[in-house]
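Asker: Next input, structure requested:
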Amino acid sequence: ERYCAVHIYKSMDGPNWLNQYQFLSDTDICDWNVVTGEVVDGIICDDFGLVVEVALAFNRLEGTIPSTVYLLKAPLLNFYGNFGIEGTISSHIGYMQDLSSLFLGRTSINGTIPPELFQLPRLLRVHLQRTLLEGSIPTAIGSAAFLREINLANNQLTGTVPSQLWQLS
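Answerer: A predicted model of the protein is given here:
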């Protein structure tokens, strides 16, 4: 997990982030965060020292999402509001079997939504609004049995909303 976090920092212009969150320090990865009131940003761990959140919203991240991100077992990935993030969402997102919440809204992500995203067994929330995504919403959305929130507003998506969406309980 530390390797993945370091790779995020190095490949997404970490030295120019608004908050460094102690990345690359000798401290435990679970200390690579900042607490502001009740909000914790950065790398958040559970009581067992496992990364459960990568929360780097509005922090001037730039570049493409590195492939190592898809090796994380963190249930929450939040890169929301980092307009400098570009490139596509890789089909390798399907490796993130523990992912429950994905926040990539207000970025410059482009391409299509990979069907593998909706095949994740624990997926609850997806926020991809205000990006440059195009194409249609994958019919695999019907596989997202636990999906409770989805925001795809203000994209360049085309086609109709898949009927599989209305079959979710």
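
Asker: For stretch 74-85, what does the pLDDT average out to?
Answerer: Averaging pLDDT along stretch 74-85 gives 98.

Asker: got the CA positions of that stretch in PDB?
Answerer: Only the C-alpha atoms of stretch 74-85 are listed here, as PDB (Å, rounded to 0.1, in the frame of the first residue of the first chain):
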ATOM      1  CA  ALA A  74      -9.100   0.700  -0.200                       C
ATOM      2  CA  PRO A  75     -12.900   0.900  -0.200                       C
ATOM      3  CA  LEU A  76     -12.900   4.600  -1.000                       C
ATOM      4  CA  LEU A  77     -11.000   6.400  -3.700                       C
ATOM      5  CA  ASN A  78     -11.600  10.200  -3.800                       C
ATOM      6  CA  PHE A  79      -9.800  12.300  -6.400                       C
ATOM      7  CA  TYR A  80     -12.800  14.700  -6.800                       C
ATOM      8  CA  GLY A  81     -12.100  18.300  -7.900                       C
ATOM      9  CA  ASN A  82      -8.600  17.700  -9.300                       C
ATOM     10  CA  PHE A  83      -9.100  19.200 -12.800                       C
ATOM     11  CA  GLY A  84      -5.500  18.300 -13.700                       C
ATOM     12  CA  ILE A  85      -6.300  14.600 -13.700                       C
END
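
Asker: Other residues contacting that stretch?
Answerer: Contact partners of stretch 74-85, identified using Cβ atoms under 8 Å, 6 or more residues apart in numbering, comprise 1, 12-13, 44, 51-65, 69, 96, 98-109, 122, 127. Any C-beta I mention is one placed from the backbone N, CA and C, and that applies to glycine too.

Asker: swap the cut-off to 7 Å and go again
Answerer: Surrounding stretch 74-85, the residues in contact under the criterion Cβ atoms under 7 Å, 6 or more residues apart in numbering are 51-63, 65, 98-109, 122, 127.
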